[in-house]
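Trainee: okay, structure incoming, though there's no sequence with it:
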């Protein structure tokens, strides 16, 4: 996926470099009836400002990009939740006739409002998270109908001053090898083997995970594609071990007016508690262009995390979210979005259900990228 996305950015002709800069500035205000998803809900209002700049250099065989991000969030009910977020992403791709190599690295400082709901369910707002990420991938076209992909990634996540929530942080290296075979013009078979290790700051023993899966990707029609994969995984935590199935189903329809996607997945993921979790994730998303200037979005998502083996956090987190939005392209560079969402979360299997709704209006300025060729 990393290679595919990055290679699409490659432009220009061999021997000529194209430079571009694309800033995006966004303002937003919102109202949330239960921002912390607590049982004693308390409404609040917020204001957000975000600035992104995408810098790119592309030739016929390579591309480089650098994307800094700055964000500020202010809330009415608790000054401790006010925060600024920063991140920096860098990526590069290099390719020849039969192979492609890609590298990606990022560093980020943000808070639990932006990342922890799907991971641990904790939404304190004052939780600071620092993360580093790096990835390398290599793709080789072995023959006309056979492609080999090798990917390696490393995550380093740390939390500040939140030991009462048992957010310990972790180091998480992983590697995967995928062999893709074009069975027919419309069908591709994928064979994947993977392995990873979770090095926790809160537990004395590390967690290892390894597994294999078989995938089938098929174009049902010119607009509808389906993907299905299934496999087995085995996790070792200290002296204990556990095994189970993993898999993914995805159905996508794309046309000139938009896209809808249905998916369901079971995977093994790292958690901020410093343990591996089995993650069940299912959802439906819908994006549609209504007119030349108006567009709509709709999404449903349900997610549940379960601990693995004996090294447990003692929590079973799950949440559901429904979201709908409208967008208006006010001009070549200006866009207005309005979104409403309802979120329900349960911290443990027997804990009370917390829910809250949110309405947000945002204004986005995104001028055309400035191009310089030489």
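Mentor: Cool, the structure landed. Model, not experiment: these values are computed from the prediction.

Trainee: would you map the helices across this protein?
Mentor: With DSSP state H as the criterion, the chain has helices at 2-8, 112-119.

Trainee: worst mean pLDDT among those?
Mentor: Note on these: lowest mean pLDDT is at helix 2-8, with a mean of 39.

Trainee: what about the stretch 201-350 of the chain, any weak spots by pLDDT?
Mentor: 204, 239, 309-316, 348-349 (pLDDT under 70).

Trainee: okay, buried residues for stretch 72-92 please.
Mentor: Within stretch 72-92, the residues that count as buried by 16 or more other CB atoms under 10 Å are 73, 75, 81-83, 85, 87, 89-92. C-betas here are computed from N, CA, C, even on glycine.

Trainee: before we move on, what about stretch 236-246?
Mentor: 236-237, 242, 246.

Trainee: got it, and stretch 355-363?
Mentor: 355-356, 358, 360, 362.

Trainee: got it, and stretch 137-146?
Mentor: 137, 139.

Trainee: contact partners of it?
Mentor: 2-3, 98-103, 147-152, 179-182 (CB atoms under 8 Å, 6 or more residues apart in numbering).

Trainee: and what of stretch 194-201?
Mentor: 158, 168-177, 206-212, 268, 270, 274-276, 311.

Trainee: now list the buried members of those residues.
Mentor: So, by 16+ other CB under 10 Å, the buried ones in the contacts of stretch 194-201 are 158, 168-172, 174-176, 207, 209-211, 268, 270, 274-276, 311.

Trainee: returning to that earlier point: can you select the buried ones among the contacts of stretch 137-146 for me in ChimeraX?
Mentor: ChimeraX command restricting the contacts of stretch 137-146 to the buried ones, with burial defined by 16+ other CB under 10 Å:
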select :2,3,100,101,102,103,147,149,151,180
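
Trainee: wait, isn't residue 279 in contact with residue 268?
Mentor: Yes. Taking CB atoms under 8 Å as the definition, residue 279 is a contact partner of residue 268 at 7.4 Å.

Trainee: residue 74 pairs with what?
Mentor: residue 47 (DSSP bridges).

Trainee: tell me the contacts of it?
Mentor: Counting by CB under 8 Å, 6+ apart, residue 74 has contacts 46-48, 82.

Trainee: how about the nearest residue to residue 233 once chain neighbours are set aside, what does it touch?
Mentor: Excluding the flanking residues, the one nearest residue 233 by CB to CB, 6 or more residues apart in numbering is residue 211, at 3.3 Å. Neighbouring residues of residue 211 by CB under 8 Å, 6+ apart: 193-194, 231-234, 246, 268.

Trainee: next one: residue 211 from residue 268, what distance?
Mentor: 7 Å (CB to CB, to the nearest Å).

Trainee: follow-up on the earlier one: closest to residue 64 among the contacts of residue 211?
Mentor: Proximity of these to residue 64, judged by CB to CB, is greatest for residue 194, which lies at 28.1 Å.

Trainee: what sits in contact with each of residue 211 and residue 268?
Mentor: Common neighbours of residue 211 and residue 268 (CB under 8 Å, 6+ apart) are 233, 246.

Trainee: buried set for stretch 194-207?
Mentor: In stretch 194-207, counting by 16+ other CB under 10 Å, buried: 194, 196-200, 202-203, 207.

Trainee: now the end-to-end length of that stretch.
Mentor: Length of stretch 194-207, first residue to last, CA to CA, to the nearest Å: 14 Å.

Trainee: tabulate the contacts of residue 74 (JSON lines), appending distance to residue 252 and pLDDT.
Mentor: Formatted as JSON lines, the contacts of residue 74 follow (distance: CB to CB, whole Å; pLDDT from 0 to 100):
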{"residue": "46", "distance to residue 252": "33", "pLDDT": "92"}
{"residue": "47", "distance to residue 252": "36", "pLDDT": "95"}
{"residue": "48", "distance to residue 252": "31", "pLDDT": "93"}
{"residue": "82", "distance to residue 252": "39", "pLDDT": "82"}
